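# Give me coordinates for this.
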Amino acid sequence: MDRTRRVALGLQCPGAGSRESGAGESNALPPRRGTDNSPRCRGLAVAPAVPAAKSRGSAGLSLKRRILRSITTPDSRLPAPELVLTGILMLGYPSAIAGQTPFTSPEELEHTAAMSAHHLCSGVFVVGRDFKRTPEQVLAEDIAKFAVFNWQLDFEYDVDLEGMTASVWGPGVPKRTAEYNGDQGCTIRERGSHDVKFLPVPVPRVGTGAAALPWPTGDVGATGPLPPEVDPKQLRRALDWAMAHGEHNTRALVVAYKGKIIGERYAPGFTRNTPQISWSQGKSITAALIGVLIQQGYFGWEDPAPVPEWRGQNDPRRHIKIKHLLRMSSGLDFKNYGLTNENSWTAENEHFLIYFDALNVFEHAINQPVDLPPDSQFRYRNSDPLTLGRIVRQTVEAAGEDYLTFPQRVLFDKIGARNFVLETDPYGNFILTGYDFGSAWDWTRFGLLHLWDGVWEGERILPEGWIDFITTPAPGDPNRGY
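Model (predicted):
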C-alpha cells in the first residue's frame, strides 16, 4: 500500500443535536446521514486519496480542503502524505426538528428515560474520569437541549455520586437506572433490577509511565517544529474556521501529519485525554479486533461467519461470510428508523433499541432472519458489527482468554492508547456500535495505525492487505461507501 497517498479522516460523535456557540466553544464536522435520516459517524476510516467514497458533508470536506491548503505538495490534486484529522463533536442535529412527531407513548417515554439515564451516568462518571461536571451540567450540555433525545420537561432524575448510578423517571414512566462499572463504563439495568448480570473487571492498561515514552506509543515528541511545507497561518486559519461552527459542537480537533501532531484544539474543560462518547467509531474498533484475530490465525475474512446458530443445513444465514458483515451487507433483516421516525423510540427500531433498553445485544443481532442475499446491498444496520462482536467474544473465550480486557491487551496497549472505555449491555457484551469512549489522542493513534498499514513501530497488528480490504467500497453500495 502506498501510504503517502492515503488520508485517515476521523469523525468522533459524542451526541446528537446542535448547541448554540458560546465564547470558547468549539465546533466542526457534521455526520453523514442515511436515507432514514439517522446519523452516520463511520469512525476513523482510512480513505483512499482518490475521491471514491461518499462525501462526509460539506463542512467536513471544507475542513479537509482547508487543512490540505496549508500543506504544499508536488501535486496539489493529491492530499498531503500521512495526514490524520481527528474530530470530537456533538452531531449537527437542529435543536428543534420541523414536523417531528412527539414521542410520548408509555413505551417511548420509558425508552427515553433509559437512554437519558445512560447519558447522565456516562457524562458524569466516564467523561468525568478526566473532565468533571455536575449532573446539572451534563443534562444541560449533553441531553436536554437536543430535541432528538426526547427529554421531557416533567422528567425527574437522580445521580447517586456515591453509588455511581443515574436514574430518570416521570409521571407514568417507571424509573430506569444506569450504573457505572469502572472500566466497563455505564450500563442500563433491566427494569426493576438492582445490578448487571456480569462481573465487571478492572482493565489493566499501560501505566502512567508510558506517557514518558517517545511518541507515538508515548507522549514525548508528539509535537515539534512544523515541516517547511506546512503554512502555519493557513493551518491556524483552518482550525479557527472549524472551531467557529457552533452548530457542530466540536469538543476536540487534532491534526497529525507525517506521524506528528501539528495542530489541536479543545473546548473548555476537555483535554487530549478526555474519554468522549464516540458513537459509530466503535464499529471500527470491532473491525480492528476481527483484524487482530485474523492476524492471529483464527479465521479469514472470506470464511463463513462462525455463528453456531446459523450453521443449519437449510438456514440461509450459513452463506453469510465475515467479509459481508464487515461491509454491512449481510442481508439480515434489521430495522433502522433513526431517531426522527414515528417508530424511532419503539422496540420496532431494532438498530437503536440497543441504546435505550437493557437487552443482550449480541442475541438481538444474531437471531434476526435474512431478507436479502449476502453482499447484494449495503445497509447501515447495527446487526452486522454486533454479530462481529459476538464472534470476537466467542473466539476469545474459547481460547481461554478474558473478553473484557481483550481489546486493551491486543490493540490499545500496543499503540499506547490509555483512555478507551468500552461499555457493555447487562450481559457484559460490548456495545461497540455507539457506547464506546475514547480520547482525541487515542483516536489519533488508532488512525495512524490504519494509515501505517496496520504496523506499529515494526510490529504488525492488523493482517497484511487488511487496510486495502476495509477501504474498498462495498460491492452492494452504488454510492461506493465502505
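# The host helix or strand of Val168: what's the following helix or strand?
Assigned by DSSP states H and E, Val168 falls within strand 165-170. The first helix or strand that comes after strand 165-170 along the chain, using DSSP H and E, is strand 173-180.
# Name the residues of that following strand that are buried.
For strand 173-180, the neighbour count (16 or more other CB atoms under 10 Å) marks Val173, Lys175, Arg176, Thr177, Ala178, Glu179, Tyr180 as buried. Where C-beta positions appear, they are placed from N, C-alpha and C, glycine not excepted.
# Looking at the strand holding Val168 now, give me its mean pLDDT.
For strand 165-170, mean pLDDT rounds to 98.
# by how many degrees do it and strand 173-180 diverge?
Between the axes of strand 165-170 and strand 173-180, defined by axes from the mean of the first three to the mean of the last three CA atoms, to 10 degrees, the angle is 170 degrees.
# Next, work out how far apart the residue nearest to Ile470 when sequence neighbours are not counted and Pro385 are.
Distance criterion CB to CB, 6 or more residues apart in numbering; nearest residue to Ile470, sequence neighbours excluded, is Ala287 at 6.1 Å. Distance, Ala287 to Pro385, by CB to CB, to the nearest Å: 8 Å.
# How far does stretch 275-292 sit from its chain's centre?
6 Å (CA atoms, centre = their mean, to the nearest Å).
# Which one of the buried residues of strand 173-180 is nearest to Ser116?
Distance to Ser116 across these (CB to CB) is lowest for Arg176, with 8.1 Å.
# looking at it, Met115 is touching Trp151, isn't it?
No: taking contacts as CB atoms under 8 Å, Met115 lies outside contact range of Trp151: 9.7 Å.
# Between those two, point out the one with more neighbours.
Met115 (24 against 19; other CB atoms under 10 Å).
# Wait, a helix at the more buried one?
Yes: counting by DSSP: H, G, I helix; E, B strand; the rest coil, Met115 falls inside a helix.
# follow-up on the earlier one: so which residues make contact with the strand holding Val168?
Residues outside strand 165-170 that contact it (CB atoms under 8 Å, 6 or more residues apart in numbering) are 109, 113-114, 116-118, 120-121, 124, 135, 152, 154-160, 175-180, 186.
# which ones are touching Asn464?
Not quite, residue 464 is Glu, not Asn. Asp453, Gly454.
# circling back to that earlier point, which among the buried residues of strand 173-180 gets closest to Phe356?
Arg176 (8.8 Å).
# Read off the pLDDT value for the closest one.
Predicted confidence (pLDDT) for Arg176: 98.
# give me the beta-bridge partners of it?
Per DSSP bridges, the residues bridged to Arg176 are Val168.
# Just to check, it is in contact with Gly192?
No: using CB under 8 Å, Arg176 and Gly192 do not qualify as a contacting pair, with a distance of 9.8 Å.
# the more surrounded of Ala287 and Pro385?
Applying other CB under 10 Å to Ala287 and Pro385 shows that Pro385 carries more neighbours, namely 25 against 22.
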